[in-house]
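Engineer: compute the structure for the input listed below.
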Amino acid sequence: MSNTSTIKIGTHNGHFHCDEIFACFLLKNLPRYANAEIIRTRDPKILAECDTIVDVGGIFNAEQRRFDHHQKSFTDTFHSLQPDKPWTIRLSSAGLIYVHYGREIIKELLKKEAIDENVQGHLTEILYDKLYETFVQEIDAIDNGVDIGENMKYKIHTNLSTRVGYFNPAWNDPNPVEKEEIGFKQAMEMIGKEFLDKFYYYTRQWWPARALLEKAIAQRFDIDPSGSILILNNSFPWRDHLFDIEQEQKEILGDTIKYVLYPDSNKTWRIQAVPLNKTSFENRLSLPKQWQGLRDDELSTKSNIPGCIFVHASGFIGGNATYDGVLAMARRSLQLGNTKE
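Structural biologist: Prediction:
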């Protein structure tokens, strides 16, 4: 590539979509593209002068930095390009740029965060997957016309791709060319903010919770000899981390952890059953059937544990006024589950 100031990113002009705008935003997060000029045209001669082309040109060739996905021959998915990844939705130009440059982009963004350098490599790979699964994949699917499911009862009209469409000039706009250029930049700003908001959530809220959960797991036998009960000092997003840690330490942990206990905003305590997996509504060991749907004194009498507040009708969560009470609920639930009383 030539000097950074002369680098050009090419994409098509006319009606714009979420995928090429997001692809351009991603590229401009890399230092060598930071000052790149975005050229919007379909003229092959002008495109040929660009260093990188997205969503136009009819060619996908990563070595030549040509990232179009409209040609009939294009069938690539995240999985086909990186077989260790599970996602099989056909890629848009956004997905293509993310697959090839996502790790590098995340590394650049992490340099600005207060995160131990020793864990940045591990976190980069985790975020690479997370951000595709929770942000980029949706853009790929919508751009390629992949419905979210069959027999849908309603459609979502407020997704990112739809909102980008509103920045295009109206059919009766008196200055459509001017509006198109302004709208493209406004849409890129919006997409960029939402992507960075997601990145900051994972790095500043979601990831710090992992260290707290690791500590709780290390102390689990201090809570109960079974090692099946975790105590958290406050409520934080633990579910994803638990399954990730269990996968990393499967020979040590297996699926032995059944309940997570934590204080709520009312300074009472909650007990939550660990689900079978990240998306399941079924639990490894639900709170006892004879407690489900009961509240207050009736529940305390039935369980013979003072201070009970509730157990949800499905048995996935319950509450007690005190730490000792919620721990007793967890231990009794383990007993009842093991003896099938």
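Engineer: for residue 17, which non-adjacent residue is spatially closest?
Structural biologist: Closest residue to residue 17 in three dimensions, ignoring its sequence neighbours and counting by CB to CB, 6 or more residues apart in numbering: residue 143, at 6.1 Å. In this view, the C-beta of every residue, glycine as well, is placed from N, C-alpha and C.
Engineer: which strands and helices lie in contact with the helix or strand encompassing residue 332?
Structural biologist: Assigned by DSSP states H and E, residue 332 belongs to helix 323-339. Secondary-structure packing of helix 323-339 (3 or more CB pairs under 8 Å, 6 or more residues apart in numbering; DSSP states H and E): strand 229-231, strand 259-263, strand 269-273, strand 317-320.
Engineer: okay if I get the ones you listed as JSON lines plus mean neighbour count?
Structural biologist: As requested, those are exported to JSON lines (neighbours: other CB atoms under 10 Å):
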{"stretch": "strand 229-231", "mean neighbour count": "22"}
{"stretch": "strand 259-263", "mean neighbour count": "21"}
{"stretch": "strand 269-273", "mean neighbour count": "22"}
{"stretch": "strand 317-320", "mean neighbour count": "24"}
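Engineer: now those in CSV, with mean pLDDT and distance to residue 328?
Structural biologist: Listed next are the helices and strands packed on helix 323-339 as CSV, based on pLDDT from 0 to 100; distance: least, CB to CB, whole Å:
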stretch, mean pLDDT, distance to residue 328
strand 229-231, 98, 11
strand 259-263, 98, 11
strand 269-273, 98, 10
strand 317-320, 98, 8
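Engineer: quick one: which of those strands is nearest residue 197?
Structural biologist: When the helices and strands packed on helix 323-339 are compared for distance to residue 197 using CB to CB, the nearest one is strand 259-263, at 25.7 Å.
Engineer: mind putting the helices and strands packed on helix 323-339 into TSV with distance to residue 94?
Structural biologist: Conversion of the helices and strands packed on helix 323-339 to TSV gives the following (distance: least, CB to CB, whole Å):
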stretch	distance to residue 94
strand 229-231	38
strand 259-263	36
strand 269-273	36
strand 317-320	38
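Engineer: how much space is there between the residue most central in space within the chain and residue 24?
Structural biologist: Using CA atoms, centre = their mean, the residue of the chain that lies closest to the mean C-alpha position is residue 134, 3.5 Å off. Distance from residue 134 to residue 24, counting by CB to CB, to the nearest Å: 21 Å.
Engineer: what about the strands in the stretch 51-200 of the chain?
Structural biologist: For the stretch 51-200 of the chain, the strands identified by DSSP state E, counting those that start in this stretch occupy 52-54, 60-61, 66-67, in order along the chain.
Engineer: show me what residue 259 is bridged to.
Structural biologist: Beta bridges link residue 259 to residue 229, residue 273, judged by DSSP bridges.
Engineer: residues contacting the residue nearest to residue 17?
Structural biologist: For residue 143, the contacting residues are 17, 18, 19, 92, 94, 161, taking CB atoms under 8 Å, 6 or more residues apart in numbering as the criterion.
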